[in-house]
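K.L.:
Using only what follows, build the 3D model:
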Amino acid sequence: MRMTPINQISLEGPDLSGKTTLFQMIHEKTDYCWNIQDRSSLSMVVYARLYGRSDYFHVEALKKELSNLNNVMILLLPEWRVIAERFNKRGDEIQNLISLKKVYDLFVEAAEELENYPNVITVKTEIDKNMVAYICHNLRSHFQRREFHSLSNMFMTSAACEESLEKIGMSITHYDSGSFEDVSEEMLRYEKEKVYYDKIRRQLLKKIDAELLGINEYNRIETYESRRFIYTDDSCLSLCHFVLRNEFLYGQFYLRSSETKQTLPYDMNFIKSLTRDVFSRLSEYSDIKMCKIDLKIGSGHIIVDK
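P.N.:
Model (predicted):
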């Protein structure tokens, strides 16, 4: 079993766009399957702009939210006519029709910037059972069962949304119960990176074996729960760190830099295969039930051929 879970779903949009209705309908359909939040940093950006305040820190917070690809934003933008009709029927505790239109227009501008993000779902129709069913199906199929290396498309799409074709500080969390069936042996033979991957694998597994034998600066035999199972370097894959606790293997990875269009799928496949090897090695000492891969990318970028 493998899974890339959703950490948080944020419902966004102007007042009277249907956020409360969608919140209730998703929970009813999924039996409270996901952590759903009403509004995110996007609302802070919109209202800062509405009232003439600096939006700098709110924009940075929004970037951080969306750079975590386990987070999802659902942005509701029905036609203005629908919003106005709802206002005329039931009013609003804070907005009048003029200020509500300003808020709506600011969310429209934000949607133009965000709608191509891989973890932003923009809904421009009214919410009904069919739309809720579509949203829930999209959330389940898009995240949970995909091959780990195929998730590189999300990083590439996110980088492509930036004018510089570079996204700073992206991350994703992925789980595997030990099957590792999505590892591609063919991708591990990628000519441009094969030697590099083999070097990292050798060095890390040698490090683990040495620590278990007590070959370290302390002449101390480490247990399978050692914190010293680590690979570091100043190359693109800068850190691989494994910690085993209570039959749960944690793998933390930091890619200093990765070209998201051509190279990242191979990097992610290698990371999954390396986790498989460490899982196998440490399974000699513990009945590991699950592993967690935390991947952070310092600079995810796209190189354009000239």
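
K.L.:
Give me the below-cutoff pLDDT ranges for the stretch 51-200 of the chain.
P.N.:
Residue ranges of the stretch 51-200 of the chain with pLDDT under 70: 142-145.

K.L.:
where exactly do the helices run in it?
P.N.:
Using DSSP state H, counting those that start in this stretch, the helices of the stretch 51-200 of the chain run over 56-67, 80-90, 97-114, 129-143, 152-160, 185-188, 194-213.

K.L.:
mind giving me TSV with those helices and columns for distance to Tyr32 and mean neighbour count?
P.N.:
The C-beta positions use only the backbone N, C-alpha and C, and glycine is treated the same way. Formatted as TSV, these follow (distance: least, Cβ to Cβ, whole Å; neighbours: other Cβ atoms under 10 Å):
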stretch	distance to Tyr32	mean neighbour count
helix 56-67	22	17
helix 80-90	26	14
helix 97-114	26	16
helix 129-143	13	14
helix 152-160	25	21
helix 185-188	38	13
helix 194-213	40	16
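
K.L.:
quick one: which of the ones you listed is nearest Phe229?
P.N.:
Comparing the helices of the stretch 51-200 of the chain against Phe229 with Cβ to Cβ, the closest turns out to be helix 194-213 (5.0 Å).

K.L.:
Can you give me the domain assignment for the chain?
P.N.:
Listed domain ranges for the chain are 2-143, 149-301 (source: automatic domain parsing).

K.L.:
who's sitting farthest from the centroid in the chain?
P.N.:
Distance from the C-alpha centroid of the chain, by Cα atoms, centre = their mean, peaks at Asn219 (40.2 Å).

K.L.:
Over to that residue. Which of the three states is it?
P.N.:
coil (DSSP: H, G, I helix; E, B strand; the rest coil).

K.L.:
List the contacts of it.
P.N.:
The contact partners of Asn219, by Cβ atoms under 8 Å, 6 or more residues apart in numbering, come to none.

K.L.:
same deal with Thr260?
P.N.:
So Thr260 contacts Ser152, Phe155, Met156, Ser158, Ala159, Lys167, Gly300, His301, Ile302 (Cβ under 8 Å, 6+ apart).

K.L.:
again with Leu239
P.N.:
So Leu239 contacts Ile230, Tyr231, Thr232, Asp233, Gln252, Phe253, Tyr254 (Cβ under 8 Å, 6+ apart).

K.L.:
So what are the sheet partners of the helix or strand encompassing it and their directions?
P.N.:
Assigned by DSSP states H and E, Leu239 belongs to strand 237-245. The strands beside strand 237-245 in its sheet (DSSP bridges) come out as strand 229-232 (antiparallel), strand 248-259 (antiparallel).

K.L.:
Which one of those lies nearest to Leu282?
P.N.:
Leu282 sits nearest to strand 248-259 of all these, at 6.6 Å, using Cβ to Cβ.

K.L.:
excluding its backbone neighbours, what's nearest the residue nearest the centre of the chain?
P.N.:
Nearest to the mean C-alpha position of the chain, by Cα atoms, centre = their mean, lies Leu69 at 1.6 Å. Among residues not flanking Leu69 along the chain, Ile172 sits closest, at 4.4 Å (Cβ to Cβ, 6 or more residues apart in numbering).

K.L.:
wait, isn't that neighbour in contact with Ser152?
P.N.:
No. Taking contacts as Cβ atoms under 8 Å, Ile172 lies outside contact range of Ser152: 9.6 Å.

K.L.:
now the contacts of Leu239: which count as buried?
P.N.:
Ile230, Tyr231, Phe253, Tyr254 (16 or more other Cβ atoms under 10 Å).

K.L.:
what's the closest residue to the first one other than its chain neighbours in contact with, if anything?
P.N.:
To tie it back to what came earlier, the one meant is Ile230. Take Ile230 and drop its neighbours on the chain: the residue closest to it by Cβ to Cβ, 6+ apart is His241, 4.5 Å away. For His241, the contact set (Cβ under 8 Å, 6+ apart) comprises Phe229, Ile230, Tyr231, Gly251, Gln252, Phe253.

K.L.:
State the pLDDT value of His241.
P.N.:
Looking at His241, its pLDDT stands at 98.

K.L.:
That one and Tyr254, how far apart?
P.N.:
9 Å (Cβ to Cβ, to the nearest Å).

K.L.:
starting at the chain centroid, how far to stretch 53-66?
P.N.:
17 Å (Cα atoms, centre = their mean, to the nearest Å).

K.L.:
nope, stretch 46-64 is what I meant
P.N.:
22 Å.

K.L.:
dump the residue contacts of Leu249.
P.N.:
Neighbours of Leu249 in contact, by Cβ under 8 Å, 6+ apart: Phe242, Val243, Thr275, Val278, Phe279, Leu282, Ile288, Met290, Cys291, Lys292.
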